[in-house]
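Asker: generate coordinates for the sequence data below:
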Amino acid sequence: AAALPALAALARRPTARAAPPRLRPLGILAARGMKIYTKTGDKGTSQLFNGERRNKDDAVFEALGAVDECNAMIGLACEYVQREDAAQSELAEALENVMSRLFDVGASVATPQDTSSQSKKKRSTFDPVHVDKLEALIDKMDEELPPLTTFILPSGGLCSAHLHVARTLARRAERNVVPLVRDGAVDPEVGKFLNRLSDFLFASARFVAFKQGKKETTWQKHVPTASATSADTASST
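Answerer: Got it, this is the predicted structure:
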């Protein structure tokens, strides 16, 4: 019963970290009064935090876009969690904290380690403690969940299903970030965080379904019928 309050407590736990950079790595306005459109990207380029301009289909912007998609889906899933089950407010708070951390991920990705100044890199450093926090959140939920005995399909109600979609988007974001980490452009801790994030979202999906009493659909392995097996054998001879 103490698991849910623990989720919120872990998400809220303060950490010492540098002040976040004033940037909009995910396309969100960073300063009040700034126009939504700037026209600076009309020629197919955009600017990173370090001042570089790159083509919008550059690997960095592909990664930033994938992180943004994941964050948007987590926001949608969080709305379903809040709307369908007020008792899950602690989980909703944990999800909101994760969304803020994804902005930190965006800041780090938008500051390539191999081409940015030390001051820029310092302002966008990703704190590894956030990986530990996700692991603690996962462990807390796992304490209450029944053990998995087979693969499950995305299911368990609207809240759970949307969290499963967010999980797949976290995996996509990770796949986009991994090459940047490998090339030395992104802090390895960012890749670790995205890897744990998909695990956290999977655990969250199961946790919500469990708390709401919703059934998770399990994978049913296809077993060929005897007639189908005979037909396949006949056609191969």
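
Asker: pLDDT of whichever strand or helix holds residue 102, averaged?
Answerer: Element membership for residue 102 (DSSP states H and E) is helix 89-109. Here helix 89-109 scores 93 as its mean pLDDT.

Asker: with stretch 164-178 instead?
Answerer: In the prediction, stretch 164-178 has an average pLDDT of 97.

Asker: again, but for stretch 40-50
Answerer: In this model, stretch 40-50 has an average pLDDT of 84.

Asker: just the terminal-to-terminal distance for it.
Answerer: Chord length of stretch 40-50, first to last residue, is 16 Å (C-alpha to C-alpha, to the nearest Å).

Asker: name the residues that touch it?
Answerer: Applying C-beta atoms under 8 Å, 6 or more residues apart in numbering, the external contacts of stretch 40-50 come out as 21, 23, 25, 53-56, 60-61, 107, 110-112, 115-117, 120, 124. C-beta here means a position set from N, CA and C on the backbone, and glycine is covered the same way.

Asker: quick one: buried residues of it?
Answerer: For stretch 40-50, a neighbour-count test (16 or more other C-beta atoms under 10 Å) marks 46, 48, 49, 50 as buried.

Asker: sorry, back to before: for the helix holding residue 102, name the packing helices and strands.
Answerer: Secondary-structure packing of helix 89-109 (3 or more C-beta pairs under 8 Å, 6 or more residues apart in numbering; DSSP states H and E): helix 3-12, helix 59-84, helix 129-142, helix 188-212.

Asker: hang on, the earlier thing: tell me which of the contacts of stretch 40-50 fall in helices.
Answerer: Assigned to helices by DSSP state H, the following of the contacts of stretch 40-50 qualify: 60, 61, 107, 120.

Asker: in TSV: the residues you listed, plus neighbour count.
Answerer: Converted to TSV, the ones in helices among the contacts of stretch 40-50 look like this (neighbours: other C-beta atoms under 10 Å):
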residue	neighbour count
60	23
61	19
107	24
120	20
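
Asker: farthest pair within those?
Answerer: 61 and 120 (17.3 Å; C-beta to C-beta).

Asker: so for this structure, the centremost residue is which one?
Answerer: For the chain, residue 170 is the residue whose C-alpha lies nearest the centre (C-alpha atoms, centre = their mean; 3.8 Å).

Asker: okay, the angle between whichever helix or strand that one is part of and helix 59-84?
Answerer: Element membership of residue 170 [criterion: DSSP H and E] is helix 158-182. Per axes from the mean of the first three to the mean of the last three C-alpha atoms, to 10 degrees, the angle that helix 158-182 makes with helix 59-84 is 160 degrees.

Asker: name the residues that touch helix 158-182?
Answerer: Helix 158-182 is contacted from outside by 59-60, 62-63, 66-67, 69-70, 73-74, 76-77, 80-81, 84-85, 88, 109, 112, 154-155, 186-188, 190-191, 194-195, 197-198, 201-202, 204-206, 208-209, 212, 214, 216, using C-beta under 8 Å, 6+ apart.
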